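Engineer: Fold the following, please.
(one chain, ligands or ions: 2)
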Amino acid sequence: MKNEQYIMAIDEGTTSARVMLFDQQGAPVGKAQRKINQSYPHPGWVEQDPIEIWNTAETLVSEVLFQTETPPYKVRSIGITNQRETTIVWDRLTGKPIYPAIVWQSKQTAEIAKHWQQPEFANLIQQKTGLLVDAYFSATKIQWILQQVPGAQSRAEQGELLFGTIDTWLLWKLTNGQVHATDYTNASRTMLYNIQQKAWDPELLDLFQIPAAMLPKVYPSGHLYGYTQDFTLMGVQIPIAALAGDQQASLFGQLALQPGMAKNTYGTGAFIMMNLGKQWRLSNHGLLTTLTCSLDDDEVGYAFEGSIFSAGSAIEWLHRQLKILTDPAKSAEIAAASHKSTDLYLVPAFNGLGAPYWDQRAQASFLGLTAHTNHSQMVAATIESLAFQTRAVLDTMAQETGLTLQSLVVDGGVSQNDYLLQFQADLLGKPIKRAPLSETTALGTAYLAGLTVGYWRDLAALRSQQPAGKVFTPQMTVADREHRYAGWQAAVTATQKFKDD
Ligand SMILES: Nc1ncnc2c1ncn2[C@@H]1O[C@H](COP(=O)(O)OP(=O)(O)O)[C@@H](O)[C@H]1O
Ligand SMILES: O=P(O)(O)OC[C@H](O)CO
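Structural biologist: Residues are numbered from 1 along each chain as shown. Ligands and ions are numbered 1, 2, ... in the order given. Model prediction:
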């Protein structure tokens, strides 16, 4: 390798963790990746092991340095980005988690969330946090852990326990327990953070009975959080200069920084985010308002988000549970062999439905099966379900903001799937631009960490070096497009009604 310095991005996604090195041109020069196990102790519950998450991150850091023959002192700074909302509570002294990580997709707190969905609470919570009450966010997960683990509530009140999302956990481990902090983007997903005042909200902490002493300090995403104290890095103290929730990091990585710019990241879930700039506004139709990445306090802005709970996870289900797919990467080819045109729909409500439906009770369904349905049609319907959910969110965004996107930029693991992107373009009647690097999330946190330490001068320097990606243009007729979308809407209605009945 050349004698230059690099920025390291630690991207802890739901399905896998990646550690990447980026050079001054913003090009990836190294990548190490490993799956993270998920456990499903009961239907709808999703948990992970915080120790596995940490060990994997540590191993990947060594792996990428080894592969690229980079000594640790050549890492100018580190940025961490993460699956958001996933909740860990640990002992301040021993550093041991008191319960597994409750993953964002998990529905084990649905009953608690139902209580807070009563209008008098739900309105207050939306006004303060920009969020719609759901088991998705951290607040009910913390509440559940404090209630379920014997003695946890009183230990938390005595200041013995700490809460963190995955960024906070990794930062705390990397700094050997010296720094307990998070950034605005992650804090804004806890349902405890007042996004206008930019402070933990005492009234909400009181409601959820969560002691303030458990909570991390909050800073802008690009900030000097601390220095590594980890033996893997051979004692080299590398600045940790960014933390960012993965979806906001991707918006930053796409440099979608002007109001009205939007992106979709198809990972385990899919998350469409539209930048609102400094304009705080709330949705009446199932969008969330959330905070965006910045390099200082004054620049923190807002975004509308449509959160889709099942995207890559539905493809993983075909692979791991149904076993009709040997490899998710083969799904595009198999779907293309289905010769389309079937009215088969998967409503992938494996963990309820997110935006714009917000139905935590809904369960997944396949509709339109016939004696002729084959596995390639089921694969196609699964991929298409990502596009249908995306259209539902984008229609809502257009309705709320009056802004119609001319095109959509996309990234994330599933964006490698050509069948999906062509169908998405067809269904929206708009071009889809695939980011040249599917790991835009990692790139976003690398940008933040690099800008914070002066590795890059400014945003203009980054803009000038962004390459263009592949564009998918719509080919479907308007009649076909509307026919398919009407079929999807009917399938969602039937799915929701099934549970109601
Ligand atoms: N070519 C592909 N077609 C369809 N799905 C894919 C493809 N490649 C990866 N995936 C799916 O993408 C998901 C991983 O995407 P990624 O962005 O890495 O997720 P995360 O950040 O949540 O870990 C997995 O669910 C995997 O099954
Ligand atoms: O793991 P991903 O990339 O689907 O992202 C998860 C989200 O951050 C959950 O809100």
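Engineer: Contact residues of this structure facing ligand 2?
Structural biologist: Residues of the chain found near ligand 2 (CB under 6 Å from any ligand atom) are Gly13, Thr14, Gln83, Arg84, Glu85, Trp104, Gly245, Asp246, Gln247, Gly267, Thr268, Gly269. Heads up, the C-betas are built off the backbone N, CA and C, glycines and all.
Engineer: Surely the third one is in contact with Trp169?
Structural biologist: The one in question is Gln83. No. Gln83 is beyond contact range of Trp169, at 11.3 Å (criterion: CB atoms under 8 Å).
Engineer: coming back round to it: return the subset of the residues of the chain next to ligand 2 lying in helices.
Structural biologist: Applying DSSP state H to the residues of the chain next to ligand 2, the entries found in helices are Asp246, Gln247.
Engineer: Could you check stretch 42-59 and say which residues are buried?
Structural biologist: Counting neighbours by 16 or more other CB atoms under 10 Å, one finds that the buried residues in stretch 42-59 are Gly44, Trp45, Val46, Glu47, Gln48, Asp49, Pro50, Ile53, Trp54, Thr56, Ala57, Glu58.
Engineer: Up against ligand 1, what does the stretch 1-150 of the chain have?
Structural biologist: With CB under 6 Å from any ligand atom as the criterion, the stretch 1-150 of the chain meets ligand 1 at residues Gly13, Thr14, Thr15, Ser16.
Engineer: What residues does the first one make contact with?
Structural biologist: Meaning Gly13. Ile36, Asn82, Gln83, Asp246, Gly267, Thr268, Gly413, Thr441 (CB atoms under 8 Å, 6 or more residues apart in numbering).
Engineer: ok, now how distant is it from Ala337?
Structural biologist: Per CB to CB, to the nearest Å, Gly13 is found 29 Å from Ala337.
Engineer: give me the low-pLDDT residue ranges for the chain?
Structural biologist: Low-confidence segments of the chain, defined by pLDDT under 70: 1-3, 231, 234, 340-341, 501.
Engineer: Outline the domain layout of it.
Structural biologist: 6-247, 257-435+470-500 (the TED database).
Engineer: And the helices in the stretch 101-250 of the chain?
Structural biologist: With helices called from DSSP state H, counting those that start in this stretch, the stretch 101-250 of the chain shows them at 110-116, 119-129, 138-148, 152-157, 166-174, 184-187, 202-208, 246-253.
Engineer: can you tell me which residues contact whichever residue of the stretch 151-300 of the chain sits closest to ligand 2?
Structural biologist: Using CB to the nearest ligand atom, Gly267 is the residue of the stretch 151-300 of the chain that sits closest to ligand 2, at 2.9 Å. When the contact criterion is CB under 8 Å, 6+ apart, the partners of Gly267 are Gly13, Thr14, Thr15, Asp246, Ala311, Gly312, Gly412, Gly413, Val414, Thr441.
Engineer: can you give me the end-to-end distance of stretch 425-434?
Structural biologist: End-to-end distance for stretch 425-434: 11 Å, by CA to CA, to the nearest Å.
Engineer: In this structure Trp169 contacts Ala57, no?
Structural biologist: No. At 9.4 Å, Trp169 does not count as touching Ala57 under the criterion of CB under 8 Å.
Engineer: Near the closest residue in space to Ala311 that isn't next to it in sequence, how many residues? Count them for me, please.
Structural biologist: Leaving aside its sequence neighbours, Ala311 sits nearest to Ala270 (CB to CB, 6 or more residues apart in numbering; 3.8 Å). Residues lying near Ala270 (other CB atoms under 10 Å) number 30.
Engineer: Report the backbone C-alpha coordinates of stretch 307-325 in PDB.
Structural biologist: The C-alpha trace of stretch 307-325 is given here as PDB (Å, rounded to 0.1, in the frame of the first residue of the first chain):
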ATOM      1  CA  SER A 307     -39.000   2.900   7.800                       C
ATOM      2  CA  ILE A 308     -39.700  -0.500   6.200                       C
ATOM      3  CA  PHE A 309     -39.100  -3.400   8.600                       C
ATOM      4  CA  SER A 310     -38.500  -6.200   6.200                       C
ATOM      5  CA  ALA A 311     -36.400  -5.900   3.100                       C
ATOM      6  CA  GLY A 312     -33.200  -8.100   3.000                       C
ATOM      7  CA  SER A 313     -34.600 -10.000   5.900                       C
ATOM      8  CA  ALA A 314     -37.500 -11.300   3.700                       C
ATOM      9  CA  ILE A 315     -34.800 -12.500   1.200                       C
ATOM     10  CA  GLU A 316     -33.000 -14.100   4.100                       C
ATOM     11  CA  TRP A 317     -36.200 -15.900   5.000                       C
ATOM     12  CA  LEU A 318     -36.400 -17.500   1.600                       C
ATOM     13  CA  HIS A 319     -32.800 -18.600   2.100                       C
ATOM     14  CA  ARG A 320     -32.800 -19.800   5.700                       C
ATOM     15  CA  GLN A 321     -36.300 -20.800   6.500                       C
ATOM     16  CA  LEU A 322     -38.000 -21.800   3.200                       C
ATOM     17  CA  LYS A 323     -34.600 -22.900   1.700                       C
ATOM     18  CA  ILE A 324     -35.800 -22.100  -1.800                       C
ATOM     19  CA  LEU A 325     -32.800 -19.800  -2.300                       C
END
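Engineer: buried sites along that stretch?
Structural biologist: Residues of stretch 307-325 classed as buried by neighbour count (16+ other CB under 10 Å): 307-319, 324-325.
Engineer: cool, and stretch 326-334?
Structural biologist: Using 16+ other CB under 10 Å as the test for burial, stretch 326-334 gives Pro328, Ser331, Ala332, Ile334.
Engineer: Okay, and which of those map to helices?
Structural biologist: Counting by DSSP H, the buried residues of stretch 326-334 place Ser331, Ala332, Ile334 in helices.
Engineer: How about residues contacting stretch 320-331?
Structural biologist: By CB under 8 Å, 6+ apart, stretch 320-331 touches 312, 315-316, 318-319, 334, 375, 378-379, 382-383, 414, 416-417, 419.
Engineer: out of these, who's nearest Pro71?
Structural biologist: Distance to Pro71, by CB to CB, is smallest for Gln416 among these, at 32.2 Å.
Engineer: Quick check: closest non-adjacent residue to that closest one.
Structural biologist: Nearest to Gln416 is Ser438, by CB to CB, 6+ apart, at 5.8 Å.
Engineer: if I look at the residue lying farthest from the centre of the chain, how far off is Leu346?
Structural biologist: Most distant from the centre of the chain: Ala371, at 37.7 Å, with distances by CA atoms, centre = their mean. Separation of Ala371 from Leu346 (CB to CB): 18 Å.
Engineer: Now do the contacts for the residue lying closest to Pro100 once chain neighbours are set aside.
Structural biologist: Closest residue in space to Pro100, ignoring its immediate chain neighbours: Glu47 at 4.1 Å, by CB to CB, 6+ apart. Neighbour list for Glu47: Gln38, Ser39, Tyr40, Pro41, Pro100, Ala101, Ile102, Val103, Ser106 [criterion: CB under 8 Å, 6+ apart].
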